[in-house]
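**Student:** Structure, please.
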Amino acid sequence: MAVAAAGLLPEGTFAAPAKKRILGIQLYSVREDMGKDPSGTLRKLADMGYKYVEHANYVDRKFYGYGAKEFKSLLDSMGLKMLSGHTRMDPKHWDDTKKDFTDAWKWTVEDAAIVGQQYVISPWLDESLRKTYDDLLRYMDVFNKCGELCKKSGMKFGYHNHDFEFSQVLNNQKVFDIILKHTDPGLVAQQLDMGNLYNGGAVAIAIVMQYPGRFELMHVKDEIKATGAGGNEKYESTVLGQGIVGTRQVADLGKKSGGTYHFIIEQESYQGRTPLDCAKEDLAVMKKWGY
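**Tutor:** Got it, this is the predicted structure:
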């Protein structure tokens with residue numbers, strides 16, 4: 001009778017507490033401002049209403065020129081948290097003779113833990129690691145090992161796509177499909193950049209439908225046909241809701257069936273506006289959408 005009655009109760013009555021959904025900004029969106037005045041830029045973002053940021057600058061064991069403890073203190077002073085960050089894991093970070101990570105990558109993971117990250121995300125896959133299908137498979141084993149390394153510090157390794165993952169084919173499979181098939185979801189999170197993939201010929205909502213539950217994080221982005229001079233990309237990012245991505249629908253699907261809890265705003269092109277003005281409008285749009 002208890003089992004039967006449970007079927008009549010609202011969904012989630014006996015469920016575990018829901019994970020908190022995170023709305024933040026990738027600091028690459030305001031990269032020039034961060035380069036000139038990291039502290040002042042973070043203050044402006046906090047004043048806009050941002051609570052979470054994601055870094056894209058870790059050089060010589062420093063985040064935007066600050067050591068890990070210093071940067072954590074700076075974020076704390078502004079009421080900001082940095083739960084994820086981008087640092088490229090390159091061939092130099094894995095010693096194949098020792099079957100172990102180099103000190104440089106171990107320090108990357110160590111500093112990420114100090115600053116409070118939950119995810120250590122690599123936003124690129126070096127061309128040398130994907131020349132052949134077997135090359136890529138071998139490196140997916142390194143991805144999983146990195147997941148084990150991060151787990152020891154209470155974090156998770158992650159990968160963030162660009163566009164080549166959807167256009168490059170190895171052994172009759174797209175690189176993106178190979179990555180998702182050969183990484184352990186318990187060790188390696190996927191951060192779907194819903195904008196980048198358009199330059200690889202993919203459609204964001206179709207990818208989320210193809211891989212339900214696989215995208216713990218998303219870069220929330222919109223795209224229009226490229227307007228800037230130079231470059232070979234067909235599309236560039238714009239203010240959320242003004243392009244072709246269907247940003248709200250993709251984010252909503254991620255929330256419903258994509259397993260997404262971290263929504264990170266990113267805009268890299270501004271169509272004559274300032275990056276900070278765009279960051280403010282993007283946040284307002286997401287809040288209007290209920291995020």
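
**Student:** Phi, psi for residue 129 please.
**Tutor:** Phi and psi for residue 129, reported as degrees, to the nearest 10, are phi -90, psi 0.

**Student:** Can you tell me which residue is spatially central in the protein?
**Tutor:** Taking Cα atoms, centre = their mean as the criterion, residue 191 is the residue nearest the geometric centre of the chain, at 4.1 Å.

**Student:** residue contacts, that one?
**Tutor:** By Cβ atoms under 8 Å, 6 or more residues apart in numbering, residue 191 lies in contact with 84, 119, 121, 158-161, 215-219, 262, 264. For the C-beta atoms, the positions are set from N, CA and C on the backbone; glycine is no exception.

**Student:** hmm, try it at 7 Å
**Tutor:** 121, 158, 159, 160, 217, 218, 219 (Cβ atoms under 7 Å, 6 or more residues apart in numbering).

**Student:** before we move on, what about residue 176?
**Tutor:** When contacts are counted by Cβ under 7 Å, 6+ apart, residue 176 is found next to 161, 165, 166.

**Student:** Look at it and give its secondary structure.
**Tutor:** Here residue 176 is helix, with the state taken from DSSP: H, G, I helix; E, B strand; the rest coil.

**Student:** How much space separates it from residue 166?
**Tutor:** Distance from residue 176 to residue 166, counting by Cβ to Cβ, to the nearest Å: 5 Å.

**Student:** Over to residue 87?
**Tutor:** Distance, residue 87 to residue 166, by Cβ to Cβ: 23 Å.

**Student:** Then residue 94?
**Tutor:** Residue 94 sits at a distance of 25 Å from residue 166 (criterion: Cβ to Cβ).

**Student:** between these two, who's got more neighbours?
**Tutor:** Set side by side, residue 94 and residue 166 show more neighbours around residue 166, with 21 against 18, by other Cβ atoms under 10 Å.

**Student:** and the more buried one, what does it touch?
**Tutor:** Counted by Cβ under 7 Å, 6+ apart, residue 166 has contacts 174, 176, 197, 200, 201, 202.

**Student:** Per-residue pLDDT of the fourth one, please?
**Tutor:** When you say that, I think you mean residue 200. Predicted confidence (pLDDT) at residue 200: the value is 97.
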